[in-house]
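below are the sequence and a predicted model; questions follow.
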Amino acid sequence: MKTRNTVQKQIILDSIKNTKIHPTASDLYDMLSKVDNTIGKSTIYRNLNQMVDNGDIKIITTHNGAKRYDGDMEDHDHFICSKCGRVLDLGNDTSNDATPIEKKYKFKIVNKNTIYEGICENCLKNILEEEV
């Protein structure tokens, strides 16, 4: 189903594509309400769902179920901090060769996303400071 391209939709898409923080819908609402107070939460949620369905953006679900959005459509991996929930782009340092997996399981891979989970540098520093 083709959806129309509204000014609000373009503002939402541009905001996601121009940030590296992997915002939640709530983060987007907070950012955009300062720029355009006519964009409501329901508009943001509806457009995010459409953009994911259309392949315009990616959705990343964290360990606590929070949905974060990524406008970088190139294959790349992510790190998610299990303490603060921060999502970081890692690039694509892992193997892109899906051929062995495709042969073994007899299917065609069209997209690969690897998510690493752990504790980020800032949270590790805070943990060490608390122990002192």
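Happy to help now that I have it. Numbering: from 1, shown residues only.

show me the protein divided up by domain.
As given by automatic domain parsing, the domain ranges for the chain are 1-71, 74-132.

can you tell me which of these is packed in deepest?
domain 1-71 (a mean of 15; mean count of other Cβ atoms under 10 Å). Backbone N, C-alpha and C define where each C-beta goes, glycine included.

same question for it, mean pLDDT?
Averaging pLDDT along domain 1-71 gives 91.

could you pull out the strands for this structure?
Secondary structure of the chain (DSSP state E): strands located at 58-61, 67-70, 77-81, 87-91, 115-118.

what strands line up against the third one, and which way round?
Put plainly, it is strand 77-81. Each strand paired with strand 77-81, and its direction, by DSSP bridges: strand 87-91 (antiparallel), strand 115-118 (parallel).

longest helix in this protein, by residue count?
Identified as the longest helix of the chain according to DSSP state H is helix 41-54.

other residues contacting it?
For helix 41-54, contacts defined as Cβ atoms under 8 Å, 6 or more residues apart in numbering pick out 3, 8-9, 12-13, 16, 25, 28-29, 32, 57-59, 69.

do stretch 112-119 as well
Residues outside stretch 112-119 that contact it (Cβ under 8 Å, 6+ apart): 58, 60, 63, 75, 77-83, 90, 94, 96, 98, 127.

and the residues you listed, which two are the farthest apart?
The span of the contacts of stretch 112-119, defined through Cβ to Cβ, is set by 98 and 127 at 36.8 Å.
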